[in-house]
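Peer 1: just need the structure, nothing else, for what follows:
(one chain, ligands or ions: 1)
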Amino acid sequence: MLQDTNKRLQEYNTSLQQYNSNLQADVTKNGETITKLQKEKNTMVETMNGLKDHANSVKMQLDLAKSSQNEALKQKNELLKEVDNLRSELQQVREDRDHKLVEVHSLLAEIGTYKEMTGKSAVELDNVMTRSTALEEICSAQQERIKLLEVQLASTNEKLKRSDLTTIESMTEYEKQKRMSEDLQLRLEEAEQQIIDGEKLRKKLHNTILELKGNIRVFCRVRPLLSNESGAISYPKSGENLGHGIELTHNAQMYAFTFDKVFDQLASQEDVFIEISQLVQSALDGYKVCIFAYGQTGSGKTYTMMGKPEIHDQKGLIPRSLEQIFQTSQTLVSQGWKYNMQASMLEIYNETIRDLLANNRTSIQDGGISKYSIKHDTNGNTHVSDLTIVDVSSFNEVSSLLKRAAQSRSVGRTQMNEESSRSHCVFTLRIFGVNEGTDQQVEGVLNLIDLAGSERLNKSGATGDRLKETQAINKSLSCLSDVIFSIAKKDEHVPFRNSKLTYLLQPCLGGDSKTLMFVNLSPEVSSTGESICSLRFAARVNSCEIGIPRRQTQIRSLSQG
Ligand SMILES: Nc1ncnc2c1ncn2[C@@H]1O[C@H](COP(=O)(O)OP(=O)(O)OP(=O)(O)O)[C@@H](O)[C@H]1O
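Peer 2: Have a look, this model is predicted:
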């Protein structure tokens, strides 16, 4: 063991020697290194000092930088504040801007509208400008005129002042005259009314006198001259025959006639009707009334009796009479009167009666029994067998009957009248009236007759059928003339039965009816001879006394209801 320990100690001493030598080498080496490091350290110290100086200068710079940084920070904060302020200002401005933008949009829209309007208005504006310029010119001209007028006005005012005084005096005078004039006007109106009333009374009394005398009344009517005709008729211009007289010159001789009334060519249909309206009225009171027109072909008989019903001014006596009858019967309803009316219409053509209201016109012979035979009853009423009798209650109903009849009437053409009536036409209206209050009954008849025209054969140029017609017409008119002469002479026997016409008219000519004849005349020179014949006949008719008209009236018996 000790050996091992010595061995190991030896080995240890060797290692230690080794180690010492290594250490010696290392110390040497480290000395060198330390020297080197010392050198390096010195260098580094130098460097470090340099660096220290540098650091100090950097520090100084840093301090400077810090203070300038602080300064900058301060400035930055201030700037930030300023930015904030500016931001909020900006925000405010933005909001303002947005608000303004909205306003701008609405203004733009408005501008658009105004632009449109302005576009239109521009033309108008131009026009207005032109007018305005023109007006300005006028204005300045007027201004001048105003100045002139003002001067005139001033002088006129002066004159006016002077004349005012005169006017006041005149006014007083005028008022006085006005009152007088009004007073006179009132008295004039009263006097006129008195004249109208007096005229009415005069007519009524005149009618009564004529009725009491029992004469057939005669009115004469002269138709106007046609364009190519020359006249031969004159009238008294004053005196008692004014309105009643008529004068004709023929072969250098003057023929004068007077009648109950003479209508010259200027008389209107209305003028003529006024004169007969009372007569028509009396048919409603229960009288038999007969109005007939006599005269040469083309003298105006049909115009007087029928006229042109569709033209107001030219309506003849028949439509006017019927209008009046229906109107008056309506007004009498308030006094308790109730009327029933029946119309019939016939014509006598070549001595044959024709029913103008029949729906289909048949022959005069029916199974051997004569149709349309005329009979008069004890009351003087005339009946024609088989004649169509139509109940009528209004003017319109009668009017359509008249139209129907006019179409059926025999109208032929002659050389003297474009539309000559070749037959006698008789319209009859029977009027039955009952007064519910007084039980009074009346029965009136209105006969309105348009006779065929009298004409001389050589003048009319008739041949064949026309000649036969003319002969028949002349025969019946000559029978009428015989009857009239006979009545005028107060013969015991009057030849009523010699013709259908005279027999039909018997109650009117020889009975108790109110009869009026129109004698119609053509005014031209070539008709003078014919006119004198007609006037002579009319004068004879006028002298006929046919008795006093009798009113058919009675009190309704209980059994009649
Ligand atoms: N007062 C008058 N005013 C205007 N025209 C009239 C008048 N009288 C007659 N006339 C005209 O004269 C013409 C003949 O008249 P109208 O036919 O009435 O005659 P008339 O006597 O009936 O003839 P006829 O016997 O041939 O039938 C018609 O054209 C008619 O219109």
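
Peer 1: pLDDT score for the residue positioned nearest the centre of the chain?
Peer 2: Residue closest to the average C-alpha location in the chain (Cα atoms, centre = their mean): residue 312, at 18.5 Å. pLDDT for residue 312: 91.

Peer 1: the helix or strand hosting residue 148: how far from the chain's middle?
Peer 2: According to DSSP states H and E, residue 148 maps onto helix 2-213. Distance of helix 2-213 from its chain centroid, counting by Cα atoms, centre = their mean, to the nearest Å, is 64 Å.

Peer 1: next SSE after it?
Peer 2: Proceeding N to C from helix 2-213, the next assigned helix or strand is strand 217-222, under DSSP H and E.

Peer 1: is that following strand positioned near the ligand?
Peer 2: No - using Cβ under 6 Å from any ligand atom, strand 217-222 stays clear of the ligand, coming no nearer than 6.7 Å. Quick note: C-beta positions are derived from backbone N, CA and C, even for glycine.

Peer 1: if we look at whatever helix or strand comes next after that strand, which residues are touching it?
Peer 2: Heading C-terminal from strand 217-222, the first helix or strand you meet, by DSSP H and E, is strand 233-234. Strand 233-234 is touched from outside by 222, 246, 247, 248, 249, 521, 523, 531, with contacts defined as Cβ atoms under 8 Å, 6 or more residues apart in numbering.

Peer 1: so of the residues you listed, which ones are in strands?
Peer 2: Among the contacts of strand 233-234, the residues falling in strands (DSSP state E) are 222, 246, 247, 248, 249, 521.

Peer 1: what's the ChimeraX syntax to select whichever of those are buried?
Peer 2: Buried residues among the ones in strands among the contacts of strand 233-234 (16 or more other Cβ atoms under 10 Å), as a ChimeraX selection:
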select :222,246,248,521
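
Peer 1: on that earlier part again, residues touching the residue nearest to the centre of the chain, list them.
Peer 2: Here residue 312 is in contact with no residue (Cβ under 8 Å, 6+ apart).

Peer 1: only C-alpha atoms, please: export stretch 272-292 in CSV.
Peer 2: Once non-C-alpha atoms are left out, stretch 272-292 reads as follows in CSV (Å, rounded to 0.1, in the frame of the first residue of the first chain):
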residue,chain,number,x,y,z
VAL,A,272,-159.5,90.3,-90.5
PHE,A,273,-159.9,87.8,-87.7
ILE,A,274,-160.3,90.6,-85.1
GLU,A,275,-163.5,91.7,-86.9
ILE,A,276,-165.1,88.2,-86.9
SER,A,277,-163.9,87.0,-83.5
GLN,A,278,-167.1,88.0,-81.8
LEU,A,279,-169.2,86.3,-84.4
VAL,A,280,-167.1,83.1,-83.8
GLN,A,281,-167.5,83.5,-80.1
SER,A,282,-171.3,83.5,-80.4
ALA,A,283,-171.2,79.9,-81.7
LEU,A,284,-170.1,79.0,-78.1
ASP,A,285,-173.1,80.9,-76.8
GLY,A,286,-175.5,78.6,-78.8
TYR,A,287,-175.8,80.5,-82.1
LYS,A,288,-175.6,79.0,-85.6
VAL,A,289,-172.8,80.9,-87.3
CYS,A,290,-172.0,80.7,-91.0
ILE,A,291,-169.0,82.4,-92.6
PHE,A,292,-168.5,81.9,-96.3
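
Peer 1: roughly how far out does it sit from the chain middle?
Peer 2: Worked out by Cα atoms, centre = their mean, stretch 272-292 lies 36 Å from the chain centre.

Peer 1: how about that stretch: buried residues?
Peer 2: Of all the residues in stretch 272-292, those buried under the rule 16+ other Cβ under 10 Å are 272-273, 275-276, 279-284, 286-292.

Peer 1: in the stretch 451-561 of the chain, which spans are strands?
Peer 2: 514-521, 553-555 (DSSP state E, counting those that start in this stretch).

Peer 1: show me where pLDDT drops low in the stretch 1-150 of the chain?
Peer 2: Low-confidence segments of the stretch 1-150 of the chain (pLDDT under 70): 1-2, 55, 65, 68-69, 72-73, 75-87, 90.

Peer 1: correction: the stretch 351-500 of the chain
Peer 2: Ranges of the stretch 351-500 of the chain meeting pLDDT under 70: 360-370, 410-421, 455-466.

Peer 1: report the closest residue of it relative to the ligand.
Peer 2: Closest approach between the stretch 351-500 of the chain and the ligand, counting by Cβ to the nearest ligand atom: residue 453, at 2.5 Å.

Peer 1: gap between that residue and residue 422?
Peer 2: Applying Cβ to Cβ, to the nearest Å, the value for residue 453 to residue 422 is 8 Å.

Peer 1: do residue 188 as well
Peer 2: Distance from residue 188 to residue 422, by Cβ to Cβ: 53 Å.

Peer 1: you'd agree residue 405 is up against residue 354?
Peer 2: No - the criterion here is Cβ atoms under 8 Å, and residue 405 misses it with residue 354 at 10.1 Å.
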